[in-house]
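In: After the sequence you'll find the predicted model.
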Amino acid sequence: MKSLVTLKSSKDFLEAKKGLFYRSRSFLLQAFEVKNSNEIKVGYTVSKQNGNAVVRNKIKRRLRVLANTVLANYGIKKWNYVIIGKKNAMVEDFEKLENEMLTALKKIHR
RNA sequence: CCAGAUAGUUGGAUGACUGCUUUACUUGUAAAGAGGAAAGUCCGGGCUCCAUAAGACAAUGGUGCCGGGUAAUACCCGGCGGGGGCGACCCCAGGGAAAGUGCCGCAGAAAACAAACCGCCUUAAUUGAAAUUUAUAAGGUAAGGGUGAAAAGGUGAGGUAAGAGCUCACCGCUUUUUUGGCAACAAAAAAGGCUUGGUAAACCCCACCAGGAGCAAGAUCAAAUAGAGUUACAAUAGUUAGUCUUGGCUGUAACUGGGUUGAUCGCAUGAUUCGUGCGGUAACGCUCGAACUAGAUGAAUAGUCAUCGAUUUUUAUUAAAUCACAGAACCCGGCUUAUAGAUUAUCUGGCAAU
């Protein structure tokens, strides 16, 4: 299992705002299509409202594992995803998070 | 044993599976991988650049008992003075108020070139039979009362019409001398006879210190091309974080080739860590030996599970829930603030026993 390529420039994050959008319990998912590339890319956003640096790091790390396990297998190629973490991602069981991500992927590509 | 004081230490542990960053090489393996505060960014340095201009004066900002430590400090250590605590011990922004200016709410007569509300005392005249009575005027006085954070030395005695450093004793203050101490300062003696209320985290005065901006500093390479740079010549008008002097810059010609984006360096061998010995009351310094211990850049240091540990609650050898404060970003030395629980040493007061 390889880790996904991460989005780095702020241009990509701005473009994700215009793309598809789905709201879940523990995170928000944004997605947009890029025709040039042939792989899945992921970006993470955890805002300051969620807590201090320790909490934000923890959420980001859990989301990173979630993306590497679920998104890498079930995501669609040529699409870029941005995951925005919420407080619930800190507390929720990991299995439930995986299920959430699966349903979110189904609904966003409907 | 109880209640405290001071200085510290620690900051959950082990394993399995699956990953991330860096380094090394045999290229798929091995090794290493958050803190005591990594935080706040309040001070001080290293390092880098700014044409890293020089000197004098001024301005601005900071520091403020004395001695020592340090690369340096507003930090640390030791001492002095003042204050608090039965004590161990703790706290202090601790120069100058007779250089000048300002301020001192309310209360109070008066908040500073001293003053006199209630009082106390003397004299004069008036009333009255008289008096140590009553009211009025002139003067003396600050002991007592009351106000306040603070009322122009304090307490006691003498003295006086009543009083007053008016006089005396003790204490305080000021000045001088001597002794001890590197010094801050302390002690003693003599004289003065009390003259100068507080506030300088109000302006100010005195002494000492300080150029500015920061690793998004800055350097190299690649693509891409000037508004920049270097050298020579001319001029003394202007300009150069306040003024003056010296120096630099602005013009013309020739030559060299930027911003911006990406990559690499800067970037971890250092005022480093650990130990031995020596010096010093201590902070700390020196000698010798050993070790290499995070280096990311939308940003690694983890995710899940199991067992143990701790805490809380409960139906109590069981079950459930929870795990302090908090996440490196060029690097060090401090300060400040946050911090569950566990734990070590020394000391103080009290109780009990011997």
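Out: Arrived safely.
In: those strands in chain A, which residues are they?
Out: Here chain A has its strands, by DSSP state E, at A:5-6, A:20-23, A:27-33, A:41-45, A:79-85.
In: To RNA strand B, which of the ones you listed lies closest?
Out: When those are compared by C-beta to the nearest atom of the strand, strand A:5-6 sits nearest RNA strand B, at 3.3 Å. Any C-beta I mention is one placed from the backbone N, CA and C, and that applies to glycine too.
In: if you average pLDDT over that closest one, what comes out?
Out: Taken as a whole, strand A:5-6 carries a mean pLDDT of 66.
In: likewise stretch A:81-88?
Out: Throughout stretch A:81-88, pLDDT has a mean value of 75.
In: And that stretch, what's buried?
Out: Residues of stretch A:81-88 classed as buried by neighbour count (16 or more other C-beta atoms under 10 Å): A:Tyr81, A:Val82, A:Ile83, A:Ile84, A:Gly85, A:Lys86, A:Asn88.
In: ok so, going back, tell me which of the strands of chain A sits nearest to A:Glu100.
Out: Among these, the nearest to A:Glu100 by C-beta to C-beta is strand A:27-33 (7.5 Å).
In: and the closest one, does that touch RNA strand B?
Out: No: figure legend: strand A:27-33 not in contact with RNA strand B (C-beta under 7 Å from any atom of the strand); closest approach 10.7 Å.
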